[in-house]
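J.: 3D, please:
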Amino acid sequence: MSRPAPLGTPSEARTVLAIPPFRRLWIALSLSSLGDWLSLLALMSLAAILTEGEEAVIQYFAVSGVVVLKVLPSVVLSPIAGVLADRLDRRLTMVVGDVIRGLLYISIPIVGRLDWLLIANFLAECVALFWSPAKDATVPNLVPRHRLEQANQLSLLTTYGSAPVAAGLFALLASLSTVLGGLFPVLQTPEADIALYINGVTFFVAAVVIARLPIPTTHSSDKVTRISMFRAIWDGLRYAGTTRLVRGLLLGMLGAFAAGGAVIGVARIYVTHLGAGNAGFGVLFGAVFTGMALGMFAGPRVLRDFSRRRLFGLSLLGSGIALLLAGLIPDMVLAAVLTTGVGVGAGIAWVIGLTLLGQEVEDEIRGRTFAFLHAMARVVLMGSVAVSPLIAATMGSATLKAGQLSYEFHGSAGMLLIAAVLLILVSLVAYWQMNEGHDKTLWAELKTLLGGAAEEEGAPDKPGGLFVVLEGGEGSGKSTQVREIAVWLRDEGFDVLTTREPGATKLGMRLRTMLLDKANEGMAARTEALLYAADRAEHVDKVIRPALERGAIVISDRYVDSTLAYQGAGRELDPDDVATINNWATGRLVPDLTILLDIPAEEGLRRHADRPADRLESENLEFHERVRRCFLELADRAPDRYLVLDAREPQEEITKAIRRHLRRILPDPVPHDAEEITGMIPIIKE
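T.: Numbers count the residues shown, from 1 in each chain. Okay, here's the model as predicted:
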């Protein structure tokens, strides 16, 4: 059975790009983003060329100064620029902004001076502060409201996805520079960097595209509150780090930015010491972002059964080790391979970190926490980029000899080693902060992960149909959602079976009475777990499998994960024993989708306060909190199978979210043999 497709898949990208005005804006964004990344590479390389022959500290600071001046405007001037951008014509702002940036970048190789390079770079970033808010405010005017999330995600993907494209283009241009210099004498001097000329052209083309967009000139009367970077940090310090998990996430992500800034500050000089020049710098830059893309999109899927809390720290650890080796081994090819590994680990950690922050931080402080993260990330990155050249220059260069062997040591490589050690230490602290509440040891989880393929080979063939389970604590609203979704699916033409645990069979009804009757409060925990497993074995054999084999959609109120949560975590039984019993009872039948309706235990129990409580509902609050934590941990380990929703949201909104998710995995409601008979394509209602 197919798995749910994530947002941002090619099909959804094509859908939103089918809107002509947004497609043109996306083209302009692609060109501007490509120009931004290309300018960063070209300016860092040109700064190194212009300071060639100078003292090491001057060259280091010239290169890092490019990055510092790119970040500085957003740190200091973003609130002012945002307010002014709200009062300006958006189309005119973007067109003029692209033209000015294009002219500034073209002027840099013409003037050929380091001071103008830094000034023009700073001015271009100041202009970008007006361009970006205008672009963000324009998107809602060009796409329907229900496509806005897809449009924003595609814009974000384009902004960062253009980085490896720019790196590849820069490496190609650097390799062809000799040929181009022979054809065009004006390009023979190293200052005349062809990449900056092309960069200017991309901005001019983007300006032409935007000039033709139907952008409204009116503005919303709503006042948008904008706060400074430092105010965001001050406010965030009061709310961030409220739990060990959040502290570990923030520490790990900011530590990664600090290490990344150190690498950026010395990377161009490091490549020079490897004898690779501009082409090599482009390759390394592209390798980092290619690795990040692989990590963000492939990592969580390949390692979908591994705990996300552990994977966060281990991914950062892997990046640190790869960076350490890159600093020790002075070889360009190995440096490119290891740099890709650094990017993979960073990509995995970044996507997991953002996801966990969104899940674990309470809604009331989530905005402040993300504002704190983004603000601190910029400050940490800028500070690290500024300081790392000074450290590298202080270390200098030396030749280390041991008999016939010699090793060339450079300050840039030394800075990479320092950044690697920092990243390794941060990853270990983050792992320690987040590695609590796990039922399995790391070694046991690794064995389960490595043995998963072998277990799947011996698993029985899964029947057809679609198996959906709703899980959650008391008062989460599962029964209501089962009913609503079943009605909708039947209206769509599907064969739907709704069921529940315990008590979906004749034998199950008797077991349900024993399990939930408060008269049986003294029941042993193992007895309880075995009775639930017996009910489930009968349920699967008599109800679920027959329905799936005829192609029906089965929606069950509770399944195996409830036993892992209530008996495994709630009763504090060995989770491996509970899982083994239930795998045997169900024949390892796993749902296609598990919908977790998450709600704080205290609030869920309050919802049922006006009715008599059964034996499990009568347990204390600590019991139900353990149950909730286990459900979230199970969802964390299998994100491709789980859809986690906040059960405190309005019931109608929860139903809509479930329906949106189900549409991606629903089969054809008309059997294939019906198509063969009629020879017609069925019409399915949206």
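J.: Could you use CA atoms for every contact and neighbour count after this?
T.: Noted.
J.: Buried ones in the strand or helix carrying R310, by neighbour count?
T.: Taking DSSP states H and E as the criterion, R310 maps to helix 308-328. For helix 308-328, the neighbour count (16 or more other CA atoms under 10 Å) marks 308-327 as buried.
J.: Next: stretch 56-63.
T.: 56, 58-63.
J.: the inter-axis angle of the strand or helix carrying L249 versus helix 308-328?
T.: Element membership of L249 [criterion: DSSP H and E] is helix 244-273. Interaxial angle of helix 244-273 relative to helix 308-328 (axes from the mean of the first three to the mean of the last three CA atoms, to 10 degrees): 20 degrees.
J.: ok, back up a step: pull the residues that contact the helix holding R310.
T.: Residues from elsewhere that reach helix 308-328 (CA atoms under 8 Å, 6 or more residues apart in numbering): 252, 256, 334-335, 338-339, 341-346, 348-349, 352-353, 413-414, 416-417, 419-424, 427-428, 430-431, 434-435, 636-637.
J.: Selecting buried members of these in ChimeraX, what would you type?
T.: Applying 16+ other CA under 10 Å to those, the buried members can be selected in ChimeraX as follows:
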select :252,256,335,338,339,341,342,343,344,345,346,348,349,352,353,413,414,416,417,419,420,421,422,423,424,427,428,430,431,434,435,636,637
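J.: Which strands or helices does the helix holding L249 pack on?
T.: helix 20-50, helix 56-76, helix 277-297, helix 308-328, helix 332-360, helix 363-395, helix 411-434 (3 or more CA pairs under 8 Å, 6 or more residues apart in numbering; DSSP states H and E).
J.: So which other helices or strands are in contact with the first one?
T.: Right, the one you point to is helix 20-50. So helix 20-50, by 3+ CA pairs under 8 Å, 6+ apart, packs with helix 10-17, helix 56-76, helix 114-142, helix 148-175, helix 194-211, helix 244-273, helix 277-297.
J.: Got the phi and psi for D646?
T.: In terms of degrees, to the nearest 10, the main-chain angles of D646 are phi -80, psi 110.
J.: Share the number of residues neighbouring the residue nearest to it when sequence neighbours are not counted, please.
T.: Nearest residue to D646, sequence neighbours excluded (CA to CA, 6 or more residues apart in numbering): D598, at 5.1 Å. By the measure other CA atoms under 10 Å, the count of residues near D598 is 23.
J.: L117 versus the residue lying closest to F306 once chain neighbours are set aside, what's the distance?
T.: Nearest-residue entry for F306: R637, 5.2 Å, with adjacent residues in sequence omitted and distances by CA to CA, 6+ apart. Look at R637 and L117: by CA to CA, to the nearest Å, they are 49 Å apart.
J.: does Y407 really touch A413, like I thought?
T.: No: between Y407 and A413 there is no contact under CA atoms under 8 Å: 11.8 Å.
J.: Domains in this protein, by residue range?
T.: 12-223, 227-376+394-436, 463-678 (automatic domain parsing).
J.: Tell me which of those domains lies nearest to M382.
T.: M382 sits nearest to domain 12-223 of all the domains of the chain, at 5.4 Å, using CA to CA.
J.: For stretch 468-486, buried residues please.
T.: Residues 468-479, 481-482, 484-486 are the ones in stretch 468-486 that count as buried (16+ other CA under 10 Å).
J.: end to end, how far does it reach?
T.: From its first residue to its last, stretch 468-486 covers 11 Å (CA to CA).
J.: what sits against W37?
T.: So W37 contacts 162-163, 166-167 (CA under 8 Å, 6+ apart).
J.: now that we have those residues, which one has the most neighbours?
T.: A167 (29 neighbours).
J.: can you list contacts of stretch 555-572?
T.: Contact with stretch 555-572 is made by 467-472, 478-479, 482, 486, 496-501, 525, 528-529, 532, 536, 573-575, 578-579, 582, 623-624, 626-628, 630-631, 634, as judged by CA under 8 Å, 6+ apart.
J.: CA atoms only for that stretch - export them in PDB, please.
T.: Only the C-alpha atoms of stretch 555-572 are listed here, as PDB (Å, rounded to 0.1, in the frame of the first residue of the first chain):
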ATOM      1  CA  ILE A 555     -10.800   2.100  10.400                       C
ATOM      2  CA  SER A 556     -10.000   0.900  13.900                       C
ATOM      3  CA  ASP A 557     -10.400   2.800  17.200                       C
ATOM      4  CA  ARG A 558      -7.200   1.600  18.800                       C
ATOM      5  CA  TYR A 559      -4.700  -1.200  17.800                       C
ATOM      6  CA  VAL A 560      -1.300  -2.500  18.900                       C
ATOM      7  CA  ASP A 561       0.200   1.000  19.800                       C
ATOM      8  CA  SER A 562      -2.500   1.300  22.500                       C
ATOM      9  CA  THR A 563      -1.200  -1.800  24.200                       C
ATOM     10  CA  LEU A 564       2.400  -0.500  23.900                       C
ATOM     11  CA  ALA A 565       1.400   2.700  25.500                       C
ATOM     12  CA  TYR A 566      -1.100   1.600  28.200                       C
ATOM     13  CA  GLN A 567       0.500  -1.700  29.200                       C
ATOM     14  CA  GLY A 568       4.100  -1.100  28.100                       C
ATOM     15  CA  ALA A 569       4.500   2.400  29.400                       C
ATOM     16  CA  GLY A 570       1.500   2.800  31.700                       C
ATOM     17  CA  ARG A 571       2.000  -0.500  33.500                       C
ATOM     18  CA  GLU A 572       5.800  -0.300  33.000                       C
END
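J.: Make 7 the starting number, not 1.
T.: Happy to do that; since the first residue is 7 now, the last one works out to stretch 561-578.
J.: ok, now which ones touch the most centrally placed residue in the chain?
T.: Nearest to the mean C-alpha position of the chain, counting by CA atoms, centre = their mean, stands V357 at 2.4 Å. By CA under 8 Å, 6+ apart, the contact set of V357 is M302.
J.: again, 10 Å this time
T.: Residues in contact with V357 (CA atoms under 10 Å, 6 or more residues apart in numbering) are 298, 301-303, 305-306, 318.
J.: Find residues that contact each of Y413 and A419.
T.: Common neighbours of Y413 and A419 are listed as 334-336 (criterion: CA under 10 Å, 6+ apart).
J.: Can you lay out those residues as a markdown table showing distance to G574 and pLDDT?
T.: As requested, the shared contacts of Y413 and A419 are arranged in a markdown table below (distance: CA to CA, whole Å; pLDDT from 0 to 100):
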| residue | distance to G574 | pLDDT |
| --- | --- | --- |
| L334 | 47 | 89 |
| I335 | 48 | 87 |
| P336 | 51 | 85 |
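J.: Closest one of these to E608?
T.: L334 (53.5 Å).
J.: Just give me the neighbour total for the closest residue to E480 other than its chain neighbours.
T.: Closest residue in space to E480, ignoring its immediate chain neighbours: G610 at 5.4 Å, by CA to CA, 6+ apart. If you count neighbours by other CA under 10 Å, G610 ends up with 20.
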